[in-house]
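Peer 1: Coordinates only, no sequence provided:
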């Protein structure tokens, strides 16, 4: 079982937060979230390894810091295409029989919970966001069990692909991966649920948390 963690370019990260965070702040936020995710995965007992998928220069330092394998997707690949390439690499070069796709913007991921999800996994396991709209994590056995969609509203499509494949579908609702950070409201929820995460600490020390609280108090 190999975890595959895709990360976009850090200088283009989280544009939906541009109304409350500057570009350098969004980049620092992405780095903090990636560290939370990679730190949790590194503590999982049921993973054979972690493959970081990114062409971003910052990913080189993350891979070195956590002792990870790294894969650079094709320059023009979108997310599903990058994951296809990374999956094929994990199978051919790393001997992966199963993969666990984890997005790097879900800083509340928990290693013990993740090990439990892997232990219970059969066929296809989906870890949706709180509204069951997007897919924040996916476990597949075999690695090519279903096509990758990941278009922001992929949960139903992934679930339907799993049903058609007849491999068994499991849904892990309410996991630490349910909160992915895209909006100011997500940041406030993170501060309530995971203030001691590296991401939460960054938000507090940078002054962003205080700024967000002020905006929230002004909201009608």
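Peer 2: Okay, I see it. Values in this document were obtained by computation on a predicted structure and should not be read as measured data. Residues are numbered from 1 along each chain as shown.

Peer 1: how about the strands of the chain, start to end?
Peer 2: Secondary structure of the chain (DSSP state E): strands at 2-6, 49-53, 69-71, 99-102, 124-128, 135-140, 169-171.

Peer 1: so what does the lengthiest helix in the chain touch, helix or strand wise?
Peer 2: The single longest helix within the chain, with elements called by DSSP state H, is helix 23-42. When contacts are defined as 3 or more CB pairs under 8 Å, 6 or more residues apart in numbering; DSSP states H and E, helix 23-42 sits against strand 2-6, strand 49-53, helix 57-66, helix 111-120, helix 198-205. In this view, the C-beta of every residue, glycine as well, is placed from N, C-alpha and C.

Peer 1: rerun that using 10 Å as the cut-off
Peer 2: On a contact count with 3 or more CB pairs under 10 Å, 6 or more residues apart in numbering; DSSP states H and E, helix 23-42 meets strand 2-6, strand 49-53, helix 57-66, strand 99-102, helix 111-120, helix 184-193, helix 198-205, helix 208-218.

Peer 1: Where among those is average confidence lowest?
Peer 2: Across the helices and strands packed on helix 23-42, helix 208-218 has the smallest mean pLDDT, namely a mean of 77.

Peer 1: Nearest to residue 193, out of the strands of the chain?
Peer 2: Closest of these to residue 193 is strand 135-140, at 14.6 Å (criterion: CB to CB).

Peer 1: sorry, back to before: out of the helices and strands packed on helix 23-42, which gets nearest to residue 140?
Peer 2: strand 99-102 (5.4 Å).

Peer 1: gap between that closest one and the chain center?
Peer 2: From the chain centre to the centre of strand 99-102 is a distance of 9 Å (CA atoms, centre = their mean, to the nearest Å).

Peer 1: Which strands or helices does that strand pack on?
Peer 2: So strand 99-102, by 3+ CB pairs under 10 Å, 6+ apart, packs with strand 2-6, helix 23-42, strand 49-53, helix 79-94, helix 111-120, strand 124-128, strand 135-140.

Peer 1: Can you tell me the strand partners of that strand and which way each runs?
Peer 2: strand 2-6 (parallel), strand 135-140 (antiparallel) (DSSP bridges).

Peer 1: Show me which of those strands has the highest average neighbour count.
Peer 2: strand 135-140 (a mean of 26; mean count of other CB atoms under 10 Å).

Peer 1: just the angle between that one and helix 79-94, please?
Peer 2: 30 degrees (axes from the mean of the first three to the mean of the last three CA atoms, to 10 degrees).

Peer 1: Please tell me how far residue 179 sits from residue 124.
Peer 2: 22 Å (CB to CB, to the nearest Å).

Peer 1: residue contacts, residue 119?
Peer 2: 45, 46 (CB atoms under 10 Å, 6 or more residues apart in numbering).
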